[in-house]
Structure formats: structure tokens, C-alpha cells
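**Student:** Below are the sequence and a predicted model for it; my questions follow.
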Amino acid sequence: MPSRIIPQNPIILLMNEPIPHSPSPSAKVNTCSCGVPLLGFRITRKFCLECAKVRGRKATANWYSKNRDKVAAYDSARYEIKKDYYSEQSKRYHAANKDEINARRKRWESENKDYLKEYGIAYNKTPAGKARAANGRHKRRAKMKGSGIPSAVIVQMMDDSSECPYCKSCYDSGRKKKSLDHKIPISKGGEHVLENLLICCLSCNHKKRTRTAEQWIEIVSNQQKSARPLPEPDA
Ligand SMILES: [Zn+2]
Ligand SMILES: [Zn+2]
């Protein structure tokens, strides 16, 4: 058995030795349930050092699971005290590992698209989700109102447009309605200024949601490519 005692101390070295002459005939060298003999000061204990460690860890884990509330209260109190330090630490970590964190998030998002979609739909039905949407609408309207573009200019733009720049639908048939679109959505930091405005069909506008014009053009062109029928084989 390897000695776990500090070797410089001769007294402890001595204690680690098995006692050669038992003080009474009934006394014997005890062993731990794992089979290791209990030597030195361990002779009065029930377990060897290794088993005692394992039992200690188990007892600690047990205590933690029985006192979850106490532990949580302690943790949050400690967090309150060192809040600035923790937030500073976390900011530093995120700044140093930005690319890796983003890549990990993107990978997770692409692997959990269905879940995210369902989660989003469910979230939008909760009070918090509804409040968030209402707040967004309010901000959007306030921004558009304060921009000072006369509505006559918008009407003129609508009149001038003959086809949707995204899906190329013509408005002549009356099946597609015209609508005002922001190339960079206001929710993504776009401004309500003429350069950022575009007339497109209502269905594109709805489906585009918070994407930029550039992103939506790419999606539409990909859809049109895949919807195109395969070339007829030579007759
Ligand atoms: Zn043991
Ligand atoms: Zn369109």
C-alpha cells in the first residue's frame, strides 16, 4: 500500500506501521470493506482513506441535493455581491471567443430549425411574446411617422411601379397588390428614407418578413430555380 503520509515526519511514519503487538488478544488489524487494512491512526476508523473520500463526496452530494433551496439562496447572494466581477468576466470571455460562440450557435440553430420554429410560434402566443411584437410595431410606426416623407411621394412610387422587383409578378391582372417595403427592415436598423424604400407585391412583403432585400432576392431566385421544370429530353 503506498504511503500517503508526509515522509519527513517520523512520528507519522511510525503511526502508519501496523502495530506489532496487539494490546489485547481480542484486538486484530481491522480491514476496510474494500479489503485494505486499516493502519496507523486509521485503526480506530471504519474505512480506508480512499473509501472515506468516496463516502465523503457522496455525503456532500446528498447534502446538496437535500438543501437545494439553501444552496440557491447562497449562490444568488454570492452572485449579487460579485455581480460586476462576473459580468466583466463573461464579457471578456465572449469577446475573446466571439467567432467560436457564433459558429456554435449557428450550428445548433441549423440542427434545430423545427424546434426553433415551433418555439417561436408558441412564444408569440405568450403575453411576453405579444408585448414584444406590440413594442416592435410601435417603434416601427414612430420611426416612420417622424421621417417626414410625404405620403404623396409614396403614392407616386406605387403608381410608377408595374411589377414586383422580387418575384417579377405584374400588377395588371389585379391578383397581386402593391405594398411598401423597406430594403433593410426597420427592425434590423433600416431607416424610413427614400433610398431604403421599395414597392413590392404584398405576398413578397409578407413572406420577406425581417429579411433584407438582398436576402429575399436570393431566396426567391433559388425558389424559382428549383421550381423550373426539368428540360425535356430530345424527342
Ligand atoms: Zn476501503
Ligand atoms: Zn413579389
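**Tutor:** Happy to help now that I have it. Ligands and ions are numbered 1, 2, ... in the order given.

**Student:** Tell me which stretches of the chain form helices.
**Tutor:** Using DSSP state H, the helices of the chain run over 10-16, 49-66, 68-81, 83-96, 98-111, 113-125, 127-145, 151-160, 202-208, 213-227.

**Student:** Those helices: lowest mean pLDDT?
**Tutor:** Across those, helix 10-16 has the smallest mean pLDDT, namely a mean of 58.

**Student:** number of nearby residues for R105?
**Tutor:** 10 (other C-beta atoms under 10 Å). Where you see a C-beta, it was placed from the backbone N, CA and C, and this is true even at glycine.

**Student:** And this structure, what are its domain boundaries?
**Tutor:** Using automatic domain parsing, the domain parsing of the chain gives 10-62, 70-111, 149-225.

**Student:** The last one and ligand 2 in contact?
**Tutor:** Yes: interface with ligand 2: domain 149-225 contributes C164, Y166, C167, C201, C204 (C-beta under 5 Å from the ion).

**Student:** Of the residues you listed, which belong to strands?
**Tutor:** C201 (DSSP state E).

**Student:** The residues of domain 149-225 next to ligand 2: which ones sit near ligand 1?
**Tutor:** Within those, nothing lies near ligand 1 by C-beta under 5 Å from the ion.

**Student:** what's the most distant pair in the residues of domain 149-225 next to ligand 2?
**Tutor:** Pairwise distances across those peak at 7.3 Å for Y166 and C201 (criterion: C-beta to C-beta).

**Student:** okay, those two: which has more neighbours?
**Tutor:** Comparing Y166 with C201 by neighbour count (other C-beta under 10 Å), the higher total belongs to C201, at 24 against 21.

**Student:** ok, the more buried one touching K178?
**Tutor:** Yes: using C-beta atoms under 8 Å, C201 is in contact with K178, at 6.8 Å.
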